[in-house]
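A.B. asks: Provide a 3D model corresponding to the input given below.
(chains A and B)
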Amino acid sequence: MTLTVSGLVMVFPILYAFLISFMQGGEVLQGSLWPETFSLANYVSAFERVPLLTYLWNSLLVSVLIMAGQLILCSLAAFAFVFTEFKGREWIFYLFISTMMIPWEATMVPNFQTVQSLGWLNSYAGLTIPFFAMAFGTFLLRQQFKTIPKELYEASQIAGISKLRFFTGVVLPVAKTTITTLAIYSFLTAWNMYLWPLLVTNNEANRTVQIGLKQMQTQEIASDWGVVMAGVVMVILPTLILLFAGQKRLQEGLTQGALK
Amino acid sequence: MRKVELKGITKSYDGKQDVLKAIDVTVEPGEFFVLVGPSGCGKSTMLRMIAGLESITSGELALDGKRANALTPSERDLSMVFQNYALYPHLSVEQNITFGLHVKKVSKREQKERCKEVCGMLGLTDYMKRKPRELSGGQRQRVALARAVVTQAPLCLMDEPLSNLDAKLRAKMRSEIRQLQRKLGLTMIYVTHDQTEAMTMADRMMILSDGDVQQIGRPLDVYNNPANTFVASFIGSPPMNLIDAEMKDSVLVADGHWMTPVTAAMKQKIGSGRVTLGVRPEHISLAKDSEPGFLVQVANVEVLGTETLVTFDFGEATQWIAKWPGQSSVQPGEQIRICVDDRHLALFSAEKGERIVCEAAPVKKVSL
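C.D. replies: As a prediction, this is how the structure comes out:
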């Protein structure tokens, strides 16, 4: 019972946004909870007012690129930190994760200047590449890789299997659940980015969907909440789909090792 | 078949303390060589150095007469079985066995054939599609063995492969591994802390303690003629009974009241002063009426069916164990008269614990 009530409380804002997206302009301000008719007019005007499709496509592309870049770099870095021995390994690792303590906003200006001088403004490169290195992801995967018995590595050394083949053939499949979790996390983080795309893009061709939403809200003096909510629903849809699809994996990841 | 030679092999992690001290040993082709010792004696380190997983601090390792110090593990052409089996959890039994064969340029077809053959040999045919987590401990152990065998490497290294199995299965796998090694003519180097495994499996064994070689020899030679008190108490179950004794005139006196005469030759070797006296449990028996014996109090009795282990107080601080064939009716607390077969006494120097006199009956040499 308590669970149901708190569940309802939690889900109410999303549900309400979903309902508003079907309401006519006046209904929202009257404070009604249920739309009189379920019309798709808001969705149509959402697509008309801003180039929502372009934005969605941009967001998708940027998020996928960031996710892929992060996964590749983080897993390779974590592999190096766990399975190769070099001088100062621990020290470099701690230096690496200590960057997590620097707030992102503090690096924003230098990052912007770098991207600007590289001529990456208004490009996918400028939107994605600054996010490829992720200390958190490296940390997460390193901890996961550390649980892989080192005998597995030694056994493949004796068999003569190359490091790359061990990485792709053993480490990645064994750490599959953690990598999936990280993939979902980094996709969603990238999808929800707002400030950085706003800084490095100023044309419609490269902007992402979060900026589109803000545009919708501020285009007119009185926001047409029905339209804005229609846009919001379109935007959170991928998030929800990803969460539902990944739910099983996420659960697996959380309960892994609990059952033998 | 492969010959492995270690010449003055030393290992040190910090450059100050040696974990292994100048090991010299030659493992003959086709030999089952066991490294045995208590935890932390350096036996696993030695095996890992042979495998190439640990660097060699100094000394030379030769495989078939060729220096191998700088070779990578795969260049040494050997296989290894790990204590925790090191099976790839996401691969099926079949994939586990053939994983890595492509490096050795084995064709897909031959991989399949070899895998089938090995699985047949080890009774894994029905489990080839299963994942390691769906197998019992014994089956996992067999997969690990299969993976070592399938490479057809002439040298196989095993690091305590049976220590995760229960006692019954362990005895079974002991015999299986030994038969497999004979059948394939492998040179085997086997690490264990279990002296029973060493005794039952080895052609020759090396006893290590604190990085030092204590003794190298055939199991029975080691059992009958332990080189020092460490080997005497480590090999044999129950271990050899030891007690400090003193030379007085021409008799050895242990604990002030038990005496045993010694021959002139022995006396000369012992000189004067203190020694450690050792007796195997099976050389202590109940004294018959006519025999000289001495009274002891029984502390505990373990009847095993075929034999009986009797623990009794010997002196103030020591307890000895006697092993008698059959099922004895001796009860704890009872006073019994025992006698020791003095032909089998072993004497060790009191300071260093080294064997002084070898009075054991000559052992029939066992051929390999």
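A.B. asks: What residues does chain B have near chain A?
C.D. replies: B:51-53, B:72-75, B:78-80, B:82-84, B:86, B:88-90, B:99-101, B:103-104, B:133, B:147, B:151 (Cβ under 8 Å from any Cβ of the partner chain). From N, CA and C alone the C-beta is placed, and that goes for glycine too.
A.B. asks: Now list the buried members of these.
C.D. replies: Buried members of those, scored by 16 or more other Cβ atoms under 10 Å in any protein chain shown, are B:51-53, B:73-74, B:78-80, B:82-83, B:86, B:88, B:90, B:99-101, B:147, B:151.
A.B. asks: check contacts around the residue of chain A most remote from its centre.
C.D. replies: Of all residues in chain A, residue A:158 has its C-alpha farthest from the mean position, at 39.5 Å, by Cα atoms, centre = their mean. Contact analysis of residue A:158 by Cβ atoms under 8 Å, 6 or more residues apart in numbering or on different chains lists B:51, B:52, B:53, B:73, B:74, B:78, B:79, B:80.
A.B. asks: Next, the nearest residue to the third one once chain neighbours are set aside: phi, psi?
C.D. replies: Spatial nearest neighbour of residue B:53, excluding adjacent residues (Cβ to Cβ, 6 or more residues apart in numbering or on different chains): residue A:154 at 5.3 Å. Dihedral angles of residue A:154 (phi, psi; degrees, to the nearest 10) stand at phi -70, psi -40.
A.B. asks: now the helix or strand residue A:189 falls within: how far from the chain's centre is it?
C.D. replies: Using DSSP states H and E, residue A:189 maps to helix A:176-191. On the basis of Cα atoms, centre = their mean, to the nearest Å, helix A:176-191 sits 7 Å off its chain's mean C-alpha point.
A.B. asks: helices or strands up against the helix or strand just after that helix?
C.D. replies: Next along the chain after helix A:176-191, taking DSSP H and E as the criterion, comes helix A:195-200. Packing partners of helix A:195-200 (3 or more Cβ pairs under 8 Å, 6 or more residues apart in numbering or on different chains; DSSP states H and E): helix A:104-117, helix A:124-128, helix A:209-218.
A.B. asks: mean confidence for stretch A:57-69?
C.D. replies: Stretch A:57-69 carries an average pLDDT of 93.
A.B. asks: oh sorry, the question was meant for stretch B:285-297
C.D. replies: Here the average pLDDT along stretch B:285-297 is 82.
A.B. asks: measure it end to end?
C.D. replies: 14 Å (Cα to Cα, to the nearest Å).
A.B. asks: What are the buried residues along it?
C.D. replies: For stretch B:285-297, by 16+ other Cβ under 10 Å, it's B:285, B:287, B:293, B:296.
A.B. asks: tell me which of those is nearest to chain A?
C.D. replies: Using Cβ to the nearest Cβ, residue B:285 comes nearest to chain A of these, at 48.0 Å.
A.B. asks: In contact with the closest one, which residues?
C.D. replies: Contacts of residue B:285 by Cβ under 8 Å, 6+ apart are B:322, B:324, B:338, B:339, B:341.
A.B. asks: and if we set it to 10 Å?
C.D. replies: B:291, B:293, B:322, B:323, B:324, B:325, B:338, B:339, B:340, B:341 (Cβ atoms under 10 Å, 6 or more residues apart in numbering or on different chains).
A.B. asks: Weed out the non-buried ones from these.
C.D. replies: For those, buried by 16+ other Cβ under 10 Å: B:293, B:322, B:323, B:324, B:338, B:340.
A.B. asks: How far does the one helix or strand the third one maps to sit from its chain's centre?
C.D. replies: Looking back up the chat, that one is residue B:323. In the assignment (DSSP H and E), residue B:323 maps to strand B:318-325. Relative to its parent chain, strand B:318-325 has a centroid offset of 22 Å by Cα atoms, centre = their mean.
A.B. asks: Can you name the element that comes right after that strand?
C.D. replies: strand B:335-340.
A.B. asks: elements contacting that following strand?
C.D. replies: Strand B:335-340 sits against strand B:284-286, strand B:294-303, strand B:307-314, strand B:318-325, with contacts defined as 3 or more Cβ pairs under 10 Å, 6 or more residues apart in numbering or on different chains; DSSP states H and E.
A.B. asks: quick one: which of those strands is nearest residue B:275?
C.D. replies: Closest approach to residue B:275 among these (Cβ to Cβ): strand B:318-325, 15.1 Å.
A.B. asks: Name every sheet partner of the strand holding residue B:323 and say whether each one runs parallel or antiparallel.
C.D. replies: The strands beside strand B:318-325 in its sheet (DSSP bridges) come out as strand B:307-314 (antiparallel).
A.B. asks: got the contact list for the strand it pairs with?
C.D. replies: B:237-238, B:241, B:243, B:254-255, B:258, B:279, B:281-282, B:284, B:286, B:294-303, B:318-330, B:332, B:334-336, B:338.
A.B. asks: Please spell out the PyMOL selection for the buried subset of those residues.
C.D. replies: In PyMOL syntax, the buried subset of the contacts of strand B:307-314 is picked out as below (16+ other Cβ under 10 Å):
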select buried, chain B and resi 238+241+243+254+258+279+281+284+296+298+301+320+321+322+323+324+328+330+336+338
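A.B. asks: Contact partners for residue A:15?
C.D. replies: Residue A:15 touches A:8, A:33, counting by Cβ under 10 Å, 6+ apart.
A.B. asks: ugh, wrong one, residue B:299
C.D. replies: B:310, B:311, B:312, B:313, B:314, B:319, B:320, B:321, B:332, B:333.
A.B. asks: Which strand residues bridge the second one?
C.D. replies: Beta-bridge partners for residue B:311, by DSSP bridges, are residue B:300, residue B:321.
A.B. asks: that older thread, columns distance to residue B:139 on top of the helices and strands packed on strand B:335-340, output as CSV?
C.D. replies: CSV is the format used below for the helices and strands packed on strand B:335-340 (distance: least, Cβ to Cβ, whole Å):
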stretch, distance to residue B:139
strand B:284-286, 43
strand B:294-303, 33
strand B:307-314, 33
strand B:318-325, 36
